[in-house]
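>>> sequence first, then the predicted structure, then my questions.
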Amino acid sequence: MEIKLIALDLDGTTINNDRVISRRNREALARAAEMGVNIVIATGRPLSALPRDVFEIEAIRYALTSNGASITDLKKNETFYENCLSPLAVEKAVELLRQYDYILEGFVRGEAYIDGDYYREVKRTGKSFRDVSYILNTRKPVENIFRFLLDHRKNIENINVNFEDLSEKPAMREKLLTLPEATITSSFDHNLEIGGATTSKAEALSRMGQLLGIEKSRMMAIGDSPNDIAMLKASGFPVAVGNAKEEVKAVAKYIAPTNHEDGVADAVEKFVLSEAADVSLLHKTTAEGNG
């Protein structure tokens with residue numbers, strides 16, 4: 001049962017701490033693609049925020065973005081699947097979030113939008129609890145983020161709620177879980193993400209499997225954050241990198257080295273490129289306590 005599809009989270013997984021995809025990772029993915037393996041990016045980022053590295057790697061054709069709200073054929077520059085929030089979910093989210101002063105973002109048709117006042121403050125001061133260059137290079141400012149969300153309520157891929165004070169995140173998560181027709185996840189420590197009722201990397205991965213005629217048992221998924229858990233469970237070969245959250249490692253059959261130690265390449269080399277790569281090797285690795 002050889003692997004025919006590899007689904008890769010980006011931040012904290014395929015991208016290293018220098019914010020690039022390493023040469024070893026690139027080479028491993030290129031070799032896998034030469035063997036007929038489909039390489040798929042699966043990220044919480046919107047399409048417009050994909051790093052240049054993704055487009056430079058010929059092996060990568062498909063991107064599941066905004067936590068699976070959209071699937072794009074990168075070679076054709078064509079988005080052929082969308083799974084957005086319902087207008088009701090957007091309206092109820094805005095109603096709730098108006099009561100607070102969190103930094104909000106809305107993803108619409110592959111673009112990420114943020115409140116203009118915050119954007120300008122970050123640009124003026126060069127300071128934020130998040131990566132400043134990432135904000136300025138990937139977010140588009142709008143004058144009223146709540147009005148923007150309501151105006152685009154039929155096309156919202158994701159609403160991102162960012163927390164400068166992490167102590168406020170658990171209570172807000174409980175409130176967000178009461179929203180109708182919505183799912184709540186997180187891709188890094190400082191955020192919560194509101195998606196559609198059935199939006200997830202797992203659902204999008206299932207659609208990819210149907211499109212390409214690849215069953216679950218022939219899929220490998222690699223991730224590090226809570227928004228990757230469903231995707232890992234939806235694959236036959238769930239892998240967590242060494243820097244992954246403990247709840248992510250708990251569902252993995254193999255724990256690879258960290259994202260900065262080429263964990264993706266390690267897993268691909270061991271279970272896809274090696275002549276000895278097969279299901280029995282994976283089970284043996286798991287039984288020996290590596291996942």
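Arrived safely, thanks for sending.
>>> show me where pLDDT drops low in the stretch 1-150 of the chain?
1 (pLDDT under 70).
>>> so where do the helices sit in it?
For the stretch 1-150 of the chain, the helices defined by DSSP state H, counting those that start in this stretch cover 23-34, 52-56, 87-97, 116-125, 132-138, 145-151.
>>> what's the closest non-adjacent residue to residue 19?
Leaving aside its chain neighbours, residue 19 sits nearest to residue 51 (7.2 Å; criterion: C-beta to C-beta, 6 or more residues apart in numbering). The C-beta positions use only the backbone N, C-alpha and C, and glycine is treated the same way.
>>> need the contact list for the one you found.
Residue 51 sits next to 10, 15, 19, 20, 21 when contact means C-beta atoms under 8 Å, 6 or more residues apart in numbering.
>>> for residue 3, same thing?
Contacts of residue 3 (C-beta under 8 Å, 6+ apart): 32, 37, 218, 219, 220, 237, 271, 272, 277.
>>> that older thread, out of the helices of the stretch 1-150 of the chain, which gets nearest to residue 182?
helix 87-97 (4.4 Å; C-beta to C-beta).
>>> which other helices and strands does that closest one contact?
Here helix 87-97 touches helix 145-151, strand 156-162, helix 169-176, strand 182-185, strand 191-196, going by 3 or more C-beta pairs under 8 Å, 6 or more residues apart in numbering; DSSP states H and E.
>>> how about JSON lines for those, with distance to residue 202 and mean neighbour count added?
Shown next, in JSON lines, are the helices and strands packed on helix 87-97 (distance: least, C-beta to C-beta, whole Å; neighbours: other C-beta atoms under 10 Å):
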{"stretch": "helix 145-151", "distance to residue 202": "25", "mean neighbour count": "18"}
{"stretch": "strand 156-162", "distance to residue 202": "15", "mean neighbour count": "25"}
{"stretch": "helix 169-176", "distance to residue 202": "19", "mean neighbour count": "14"}
{"stretch": "strand 182-185", "distance to residue 202": "11", "mean neighbour count": "21"}
{"stretch": "strand 191-196", "distance to residue 202": "12", "mean neighbour count": "24"}
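>>> could I get those as a markdown table with distance to residue 248?
Below are the helices and strands packed on helix 87-97 laid out as a markdown table (distance: least, C-beta to C-beta, whole Å):
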| stretch | distance to residue 248 |
| --- | --- |
| helix 145-151 | 29 |
| strand 156-162 | 20 |
| helix 169-176 | 17 |
| strand 182-185 | 12 |
| strand 191-196 | 16 |
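>>> nearest to residue 263, out of those?
strand 182-185 (21.4 Å).
>>> partner strands of that closest one, with direction?
Applying DSSP bridges to the sheet, strand 182-185 is found paired with strand 191-196 (antiparallel).
>>> and for the strand it pairs with, what are the contacting residues?
Here strand 191-196 has contacts from 44, 66-69, 83-86, 89, 93, 157-163, 169, 172-173, 176, 179, 181-187, 227, using C-beta under 8 Å, 6+ apart.
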